[in-house]
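> here is a sequence together with a model predicted from it:
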Amino acid sequence: MDQIEIRAWVHRGVRGLIVLTLLGLLTMSLPALMTGTPALAVLGVNASPDQIAAFMASLNLDRPAPERLWEWLSNAAGGDLGASLVTGRSLTDELAARLPITIELLLLGQVVALALTLPVAMASAWRPGGLLDRIATVTAFVLLSVPTFVFGLLGIMLFSVMLGLLPATGWVPFGIDPIGHLRHLVLPVLTIGLAEAAVLVRVLRADLITTMREPYVLASRSRGMGTARLMITRVLRPSSLTTMTLVGLGFGALFGGSALIETVFAIPGMGRLAVTAIGARDFPVIEMIVIFSGIAVFLAALAVDILYTFVDPRTRRAHARS
Amino acid sequence: MLTQEADTRPALSNSRSRVRTPGMRLDSRGSIIFAAVVLTIVIGGAVASMLIPQFDPLRADFSAAMQPPSPAHWFGTDATGRDIFARTMAGGLSSLVVAALTLAVGLVVGSFIGIVAGFFGRIVDEIIGTVIDLMLALPGLILIMVVVSLVGSDYWTIGLLIGTLTIPIFARIARSATLSVREREFVQAARLLGASRVRLMTQEIARTVLPSVLAYSFTAITVAIVAEGSLSFLGYGLQPPTPSWGSLIAEGRTHLAGAPWIMLAPAIVMCLTVLAVNILGERFTRKDT
């Protein structure tokens, strides 16, 4: 690493920490901004101002945001994320139970997306304007216009209600019933995968075609390299940067997106937790989710930046300027 | 993740997919006509739902509940005998109003912030960049739901909130477009002629930044429609009795087996609308290159 590179990484890290701190402060000011509303949700609308103040004070919700953030962080460092106002459950337990579900869904969804994207985009870029390309392009464009929750519902209608092949909703832990677990996974994972693939195919196809016009590709071709080998060994790697960024951002948007999918399929993950918590104005839960979501975005962006430097070493320097 | 809710990622792909690639034209004459017809019907239906009493989305007729599509009720009726066609068209009104507000907020505020960041550079750029990163790191949909659960929801709140969601993308696009013209000759010339910074930004730069920002506007409209639908679906959008595509779909979900049209009608209209806007966006982007 030379100096420019180090400067770029330091800049990125500092910016990330500032963003995360601001995000934490903003999150911790939520209860204060929403004066008393969390208390009303728990105490009922007839609570007196004194009761509300006492309630807010008992949970430290009335203290300034920096103080609350510091306290949250020191507790979190000791493995204590607080407890839900409504159920009283420890959020550490809640996280341990739900996060793996959301991550499993998302991971498998992205795997399906990539498994679809790579062959389809390469086949498309093989002969731009050919029959395969036209079918793929139009399909991706139409899929792009279907909101995910609609997509999920259509899947339920077709495979569960009409054909009766798959369970519509719910979740079975792998340990209890491996087959049932997989059967419950199929629809949500396909929904995530297809929706994601619709975005990725368009991008990867365009980038592949652009790269195919580079002189070095022509040079390899003139030395007798077949299109398939050329595509996989020479073209794919430099064409994958935008696709990688999108996959990374997809991981970062962990909770917002899962709220919809998990509601459609009644899956007890983080997204479902978020929706329930918001309905109950359960602030400790909302705070935890917003903070973890910020951390997920930060880590995903960092991972993409690191991957970039492996895929295209030139970006090590170029990135410093952007 | 995912294309849904408020996925603002297609904006990123815009820059490169604008490189002209051979292949299927998604904005052929046929698609454009299709898009025009769909949008005319949706806009016409939205206006009709306000003006014509036959299209009252709230008129319940219990004797005609859960009817499949028929000449009397084109899209059938729901559990309380309300006409799904009328409700879908009225839902279109909600989507259009929210989309317009989103665009107004996102385009104006986002472009302004982006131009300022690009024009002044250095510390201003750094501060605005940090704020934009912060906005992108926030789970937008979840925070909108939090706000809605506390202050309630009407057109203004929802439009404003979803518009805020699109600000960082508009800002990024405007910023990079500003960077690319900031040092061009015509800007330098204006500067030498004594134009003030405000004039440079509002006249010279804003004009050249506009096409790239407008190109994203089509995506922003689809983001707004999908986000509004997602919020209503989750119960945090426009509150009943105001019909919205998302809440209509949520209602229909409970009748998937017996009366699938309740869910299908608004879902299909919603998808066709988004598709139509996407086609126009494709057309605009291509013309622009």
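That came in fine, so what should we check first?
> just the CA atoms of stretch A:295-307, as PDB, please.
Extracted in PDB, the C-alpha atoms of stretch A:295-307 (Å, rounded to 0.1, in the frame of the first residue of the first chain):
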ATOM      1  CA  ILE A 295     -23.700  -1.400  10.700                       C
ATOM      2  CA  ALA A 296     -24.800  -3.800   8.000                       C
ATOM      3  CA  VAL A 297     -24.700  -1.100   5.400                       C
ATOM      4  CA  PHE A 298     -21.300   0.000   6.600                       C
ATOM      5  CA  LEU A 299     -19.800  -3.500   6.500                       C
ATOM      6  CA  ALA A 300     -21.300  -4.300   3.100                       C
ATOM      7  CA  ALA A 301     -19.900  -1.100   1.600                       C
ATOM      8  CA  LEU A 302     -16.500  -1.900   3.200                       C
ATOM      9  CA  ALA A 303     -16.600  -5.500   1.800                       C
ATOM     10  CA  VAL A 304     -17.300  -4.200  -1.700                       C
ATOM     11  CA  ASP A 305     -14.500  -1.700  -1.400                       C
ATOM     12  CA  ILE A 306     -12.100  -4.400  -0.400                       C
ATOM     13  CA  LEU A 307     -13.300  -6.800  -3.100                       C
END
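> that one close to chain B?
Yes: counting by C-beta under 8 Å from any C-beta of the partner chain, chain B has neighbours in stretch A:295-307: A:V297, A:F298. No exception for glycine: its C-beta is placed from N, CA and C like everyone else's.
> can you give me the buried ones in that stretch?
Neighbour-count burial for stretch A:295-307 flags A:I295, A:A296, A:V297, A:F298, A:A300, A:A301, A:L302, A:V304, A:D305, A:L307 (criterion: 16 or more other C-beta atoms under 10 Å in any protein chain shown).
> just give me the closest of those residues to chain B.
Of all the buried residues of stretch A:295-307, chain B sits closest to A:V297, with 4.3 Å by C-beta to the nearest C-beta.
> could you look up the SS state of that closest one?
Secondary structure assignment for A:V297 (DSSP: H, G, I helix; E, B strand; the rest coil): helix.
> A:A168 too?
A:A168 - assigned by three-state DSSP - is coil.
> show me where chain A dips below the pLDDT cut-off.
A:1, A:32-47, A:59-60, A:254-256, A:314-322 (pLDDT under 70).
> is it true that A:L165 lies in a helix?
No: assessed by three-state DSSP, A:L165 does not belong to a helix; its assignment is coil.
> that one against A:F159, yeah?
Yes: using C-beta atoms under 8 Å as the test, A:L165 is close enough to A:F159 to be in contact (5.0 Å).
> with neighbour numbers in mind, choose between these two.
A direct count of neighbours by other C-beta atoms under 10 Å in any protein chain shown for A:L165 and A:F159 places A:F159 higher, at 17 against 11.
> ok, the more buried one to A:R183 distance?
Counting by C-beta to C-beta, to the nearest Å, the gap from A:F159 to A:R183 is 10 Å.
> where do the contact lists of the two overlap?
Between them, A:F159 and A:R183 share these contacting residues under C-beta atoms under 8 Å, 6 or more residues apart in numbering or on different chains: A:L166.
> looking at this, B:T80 is in a strand?
No: when classified by three-state DSSP, B:T80 is found to be coil rather than part of a strand.
> gap between it and chain A?
According to C-beta to the nearest C-beta, to the nearest Å, B:T80 stands 21 Å off from chain A.
> apart from its neighbours in sequence, what residue is nearest that residue?
In space, and not counting its chain neighbours, B:T80 is closest to B:A60: 4.4 Å by C-beta to C-beta, 6 or more residues apart in numbering or on different chains.
> for that neighbour, grab phi and psi.
When quoted as degrees, to the nearest 10, the phi and psi of B:A60 stand at phi -100, psi 140.
> also the one 10 residues further on?
Summarising the backbone geometry of B:S70 under the convention degrees, to the nearest 10, its torsions are phi -150, psi 170.
> just the pLDDT at it, thanks.
With respect to pLDDT, B:S70 scores 72.
> what's the nearest residue to it once chain neighbours are set aside in contact with, if anything?
Distance criterion C-beta to C-beta, 6+ apart; nearest residue to B:S70, sequence neighbours excluded, is B:G76 at 7.2 Å. Residues in contact with B:G76 (C-beta under 8 Å, 6+ apart) are B:M66, B:Q67, B:P68, B:P69, B:S70, B:I84, B:A259, B:W261, B:I262, B:A265.
> what of A:W126?
By C-beta under 8 Å, 6+ apart, the contact set of A:W126 is A:L132, A:D133, A:T227, A:M231.
> what is the burial count for the third one?
Put plainly, it is A:T227. 15.
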